[in-house]
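Chemist: need coordinates for the following:
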Amino acid sequence: MSHPLFDLSGRVAMVSGGASGMGRQMALGFAEAGADIVLADLNLPGAKVTASEIESMGRRALAVVCNVSDIAQIRSLYRAIDDEFGRIDIVGNVAGEGHLGRPEELPIEKLQEVLQNLVVGRFTSCQEAGRWMLK
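Modeler: Predicted coordinates for the structure are as follows:
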């Protein structure tokens, strides 16, 4: 019997932005490789649709509402992951918004939102996951 090149059986992956786009595709790919998936998204109905697709592959899936710029919500997400799965192996920090525009015209408040979302939020997610992984 041949061994799959990319086998994630028994692993748990968290993917933010799993309701649509790149996050959805990442989550489905991890599930196809055998992982159970936690979908963190502001769009809970969309995340539940992705979760149903993952469950139809024979994997476990958990859809959780999470604003990835809110540290308390990120920490709550990882508590839910621990309660449901007792482990985390993979983190796909996909969700997050940037702001397009000319740098000289970009309001500092928009820059602060982007930094909170794409830097502080992702760091917090990695920090929380790392704490669980180190256990």
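
Chemist: for the chain, which residues score under the pLDDT cut-off?
Modeler: Low-confidence segments of the chain, defined by pLDDT under 70: 1-4.

Chemist: pull the longest helix from it.
Modeler: As assigned by DSSP state H, the longest helix anywhere in the chain is helix 71-85.

Chemist: any idea how far that one is from the chain center?
Modeler: 11 Å (C-alpha atoms, centre = their mean, to the nearest Å).

Chemist: and that helix, what's buried?
Modeler: By neighbour count, with 16 or more other C-beta atoms under 10 Å as the criterion, the buried positions of helix 71-85 are 71, 73-74, 77-78, 80-81, 85. For glycine as for every other residue, the C-beta is placed from the backbone atoms N, C-alpha and C.

Chemist: same question, stretch 55-73
Modeler: Counting neighbours by 16+ other C-beta under 10 Å, stretch 55-73 gives 59, 61-64, 66-71, 73 as buried.
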